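Asks: Got a sequence here, can you model it:
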Amino acid sequence: MELYDQFVLSRGARPHPDGWAGRTSGPWVLATSPTLPVTPLHDAAGDVAGWLLGWVLAPGGELLHEREALPLDAVVGADGDVEDRLYRYSGRWVCVLLGERPRVHLDPAGSLAAVYSEQEQTLASTTTALSFGDRALSDRHAHRTLGSGQYHPAGVTSDPKTRRLLPNHRLDLSTWEAERHWPPSPVQRVDATDAAALQARQDTIAAGLREHVEALAARYRLVLPLTAGRDSRMLMAAAHRVLDRCTFAVFAYTDERRADVAYAREVARRYGLQLRVLPLHEVDDAAARAYLERVGYDANEGKAGDFDLAARTLPMDHAWVTGFAGEVGRGAYWKATVIPPHPTADELLALIRLPPDPAHRDALAAWQAQAPHQDVYELLDLAYLEHRVGCWASPQLYGAAPFAVSTMPVNQRSVFTAMMELPPPLRVRQRPQPPAIRINWPELADLPYERAPGPRGWPDALRTGAAAARARLALRTRAGRLLRR
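Replies: Coordinates of the predicted model:
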């Protein structure tokens, strides 16, 4: 079993797969997969004061994970705060800080996902890595319970002794307690009448995506999704100046997503893009088991057919760039017909589209009680980022095909902040046309969504026209409700 890009941090040595690298600092032992970069952090005396795990992109485009080491003050200030330094960086990473206040920070989306066990005094990438070699878990494939699109929210995992470290939370390695560090208080939204401030936030989002993609393209060839949706188009627009470094890929779905292939072929023809249409593969029991082992059984095996098996036909030395987390900016969980202003835990579970489950309900209630928010819309923004992204999308990157790098360009503190600072009515109105697309590549903003442009898209346009009209009416209704509030 190959656990690509995974790790285990523990007090004292623990079992781990053969071939993993080991590092020590005081009582701490770090074991890592050969595919995971590790950058030591050195204090003023030159001693190891922590590690940066994963792929780290600095402002200006430098790939910090290619350095042999970094000074500690590159990530933490003299007062111990990391917000102004560590959270300048994008990429996919975990930061381990040792010393008098040992703690762990995740990147803003928790995209290099982590779980921990106070009982075991261990932090790891997945429950599989944390309990490697434990025969008691050998039969859990037969007892898996999650359906398609389901996941464990709010820190719950498939292993009762193990918790997930959520985005925006740090883990204290002295107490083994997780605590929120961002946002420290409800996000301050800009005035809806302040055109300059609104444009500044849109420019921050567009520039953040563009700079991340271009920094990766300077070192790797890229694989980007090309679908008829919005998040992939934001990535394509961000890659406008580096198209010669890009291969675009679309999965050959036959369900409601089949319009993606027609759209991708037409757009690739128009702009001379290199396109790969990836046939889907059957996920047999062996493939499902391998996928679930890699993600720690904290998801369903539904993404094994595309993100793993189909994607492996692409060059693995490329960087895989995903559109995950883009819907933070569009209020993904604001689409319910009725949104109670103060949802109960059961109502919140329904709003984030998970089935009733007592353990999930109790965990969400505890999460909701300490989530800083000014209204239900900000609560749902945090829920999408910390649960849907942090507990579903991010862990599944461990199951995806082992590209040289896998990142979410949206995964940046500045981008998430700018998204959440925009007033909700504006965000609802802009959902059909994300401004970042027009800023980075104006022509793309004029192409239709959910169908191919031109005659190729007419059949899908007829099929989806009524649904789109209903959606537009619902958007106007929600925007009006927000404005009245």
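Asks: tell me the contacts of the nearest residue to residue 125 once chain neighbours are set aside?
Replies: In space, and not counting its chain neighbours, residue 125 is closest to residue 6: 3.8 Å by C-beta to C-beta, 6 or more residues apart in numbering. Glycine gets a C-beta too; all of them are placed from N, C-alpha and C. Shown in contact with residue 6 (C-beta atoms under 8 Å, 6 or more residues apart in numbering): 32, 33, 36, 124, 125, 126, 128, 129, 294, 398.
Asks: Out of those residues, flag the one nearest to residue 323.
Replies: Nearest to residue 323 among these: residue 398, at 18.2 Å, using C-beta to C-beta.
Asks: Centre of the chain to stretch 24-33, how far?
Replies: 26 Å (C-alpha atoms, centre = their mean, to the nearest Å).
Asks: List the buried residues in that stretch.
Replies: Using 16 or more other C-beta atoms under 10 Å as the test for burial, stretch 24-33 gives 25, 28, 29, 30, 31, 32, 33.
Asks: and the last one, what are its phi and psi?
Replies: If I follow you right, that is residue 33. Backbone torsions of residue 33, given as degrees, to the nearest 10, read phi -60, psi 150.
Asks: now it: how far from residue 280?
Replies: Applying C-beta to C-beta, to the nearest Å, the value for residue 33 to residue 280 is 27 Å.
Asks: same deal with the first one?
Replies: In this structure, residue 25 and residue 280 are 45 Å apart, going by C-beta to C-beta.
Asks: again with the second one
Replies: Between residue 28 and residue 280 the distance is 43 Å, computed by C-beta to C-beta.
Asks: which regions of the stretch 251-400 of the chain sit below the pLDDT cut-off?
Replies: For the stretch 251-400 of the chain, the stretches with pLDDT under 70 are 256.
Asks: tell me the strands in it, going along the chain?
Replies: Counting by DSSP state E, counting those that start in this stretch, the stretch 251-400 of the chain has strands at residues 275-278, 319-321.
Asks: so which of these gets nearest residue 112?
Replies: Here strand 319-321 is closest among the strands of the stretch 251-400 of the chain (C-beta to C-beta), at 14.0 Å.
Asks: tell me what that closest one is packed against?
Replies: The contact analysis (3 or more C-beta pairs under 8 Å, 6 or more residues apart in numbering; DSSP states H and E) places strand 319-321 against helix 195-217, strand 222-225, strand 405-407.
Asks: Which of the buried residues of stretch 24-33 fall in strands?
Replies: Residues of the buried residues of stretch 24-33 located in strands (DSSP state E): 25, 28, 29, 30, 31, 32.
Asks: rewinding a little: output the strands of the stretch 251-400 of the chain in TSV; the columns should cover mean neighbour count.
Replies: TSV is the format used below for these (neighbours: other C-beta atoms under 10 Å):
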stretch	mean neighbour count
strand 275-278	17
strand 319-321	24
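Asks: all helices for this structure, in order.
Replies: Here the chain has its helices, by DSSP state H, at 127-130, 195-217, 231-238, 259-271, 285-295, 345-351, 358-370, 376-383, 394-396, 413-421, 424-430, 435-440, 442-445, 458-484.
Asks: Export those helices as a markdown table, with columns for distance to residue 77 and mean neighbour count.
Replies: Output for the helices of the chain, formatted as a markdown table (distance: least, C-beta to C-beta, whole Å; neighbours: other C-beta atoms under 10 Å):
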| stretch | distance to residue 77 | mean neighbour count |
| --- | --- | --- |
| helix 127-130 | 31 | 27 |
| helix 195-217 | 22 | 19 |
| helix 231-238 | 30 | 25 |
| helix 259-271 | 44 | 20 |
| helix 285-295 | 35 | 19 |
| helix 345-351 | 35 | 18 |
| helix 358-370 | 25 | 16 |
| helix 376-383 | 25 | 23 |
| helix 394-396 | 27 | 26 |
| helix 413-421 | 15 | 22 |
| helix 424-430 | 32 | 19 |
| helix 435-440 | 30 | 22 |
| helix 442-445 | 40 | 14 |
| helix 458-484 | 38 | 13 |
